[in-house]
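**Student:** sequence? don't have it. structure:
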């Protein structure tokens, strides 16, 4: 079994890649670690989004957890932040969310939270991975009265909803909002939350069937929301992803307000209130340079972490910051939640809209995007990390960086959630960066499709063996004579 954890937990094609055996082992490892730390029976929560495969993986995780002596408390369909929050509210030893966030329905994943409500650290993930890969993992099983039990938390939905409602210090009456629930977990919560706070709601992407999560809707497909906002004359639109961890907004004119723009809006609003800790917002290396320019203009420090919500939160905890996030709409308010929550992001954005008495497009104008283009190049497992060693590709990247100079930047990195390499280029001229990105993508595709020296040597050896075998067979009739 190879490397399990990426930048956003465990993820793969369900249930052929991320299979039941892996889920059961992971559940057993998490339970065994919790039982050992507690010195007795532990309690682990499990939540999930609306994917059909969630039921299968939930059953496998539950079997592994109970077989290692921990009780499972089932939360049902709930946003990821719900698992994080309820883990602390219910005084559980760990929480598990079954989701692949904004990925298509055929994917699924597993995210783990400690008793503190924060994601498992890299060290903790490595510890679990060793237990999962241990040939003696079956020895983690218990028997008799030590086996775990299964319970269902009937109040989980309302306990989470009551928490989100507290994210804003005012009601949302007078605001008409379009909600795209991505046919995921938000479909069960968004309308109840926003209508409960007084907003008038128009809802789309709210008919999950187990296979249509993120399909043509949600944060990755904004056309449906933009059309809904403009045609239904909404003040603002909010798109979520399958597990409700991300939020991307659309203004009343149909303009997109991504995570970078929302970080700018929130940081300025919090600064005016005197609530922006250390006068700093944490972004990532993939954030648009326009956010940095906004910070310089507004006197707000913008610091960049590596890609991934975990690295953003790590930096926030290390230096005492309370606002951070990613361009993809994963926003973290660390003074309120311990991971990204699209519902909380949406509620707070509508609070800013109401308190400032400005339109969504006026709020969005606080930051201007620099031209940026990102291309994803499919990556076979055999090329993982190897592609970066190609001399011709590296030379082309270096050449384009020299041409851009101080007026742009190039970032090429492997995705932590998909089998792709992301090429991101920023610069002053859209035509130039598009040309550079396309050329790099074409070169990288060529590298991905090429055979390694090891593969070529293996093929040569197989040819030689075949030739020797064929020659040997050809003389057999003569030997018989």
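**Tutor:** Good, I have the coordinates. All of these numbers come straight from a predicted model, not from anything done at the bench.
**Student:** how about residues contacting stretch 128-136?
**Tutor:** With contacts defined as Cβ atoms under 8 Å, 6 or more residues apart in numbering, stretch 128-136 is touched by 1, 3-5, 22, 25-26, 28-30, 32-33, 112, 120, 137, 140. Placement of C-beta: from N, CA and C, glycine included.
**Student:** which one (most neighbours) among those residues?
**Tutor:** For those, neighbours were counted using other Cβ atoms under 10 Å, and residue 30 has the most, 29 neighbours in all.
**Student:** check which helix or strand that one maps to.
**Tutor:** If you go by DSSP states H and E, residue 30 is part of helix 20-38.
**Student:** ranges for the helices of the stretch 351-481 of the chain?
**Tutor:** Listed in chain order, the helices of the stretch 351-481 of the chain (DSSP state H, counting those that start in this stretch) span 360-364, 391-404, 430-449, 453-474, 476-480.
**Student:** least reliable of those helices going by mean pLDDT?
**Tutor:** Among the helices of the stretch 351-481 of the chain, helix 476-480 carries the lowest mean pLDDT, at a mean of 49.
**Student:** start to end distance for stretch 246-257?
**Tutor:** Across stretch 246-257, the terminal residues are separated by 12 Å (Cα to Cα, to the nearest Å).
**Student:** try stretch 415-431
**Tutor:** One end of stretch 415-431 sits 25 Å from the other (Cα to Cα).
**Student:** return the set of buried residues in that stretch.
**Tutor:** Residues of stretch 415-431 classed as buried: 416-418, 421-427 (neighbour count, 16 or more other Cβ atoms under 10 Å).
**Student:** stretch 239-256 now?
**Tutor:** Quick answer for stretch 239-256 (16+ other Cβ under 10 Å): 239-252, 254, 256.
**Student:** ok, stretch 327-340 next?
**Tutor:** If you call a residue buried by 16+ other Cβ under 10 Å, then stretch 327-340 has these buried ones: 327-334, 336-340.
**Student:** ok, back up a step: out of the contacts of stretch 128-136, flag the one nearest to residue 14.
**Tutor:** Set against residue 14, the nearest of the contacts of stretch 128-136 by Cβ to Cβ is residue 22 (10.4 Å).
**Student:** wait, doesn't that closest one sit right on residue 4?
**Tutor:** Yes: applying Cβ atoms under 8 Å, one finds residue 22 in contact with residue 4, separated by 7.5 Å.
**Student:** show me the common contact partners of those two, please.
**Tutor:** 10, 132.
**Student:** tell me the gap between stretch 312-329 and the middle of its chain.
**Tutor:** Centroid displacement of stretch 312-329 relative to its chain, using Cα atoms, centre = their mean, to the nearest Å, is 14 Å.
**Student:** likewise stretch 268-277?
**Tutor:** Centroid separation for stretch 268-277 versus its chain: 27 Å, with Cα atoms, centre = their mean.
**Student:** gap between the two ends of that stretch?
**Tutor:** End-to-end distance of stretch 268-277 (Cα to Cα): 12 Å.
**Student:** next one: stretch 302-316
**Tutor:** Start to finish, the residues bounding stretch 302-316 are 12 Å apart (Cα to Cα).
**Student:** just the buried positions in it, please.
**Tutor:** Applying a neighbour-count criterion of 16+ other Cβ under 10 Å, one finds 302-305, 307-316 buried in stretch 302-316.
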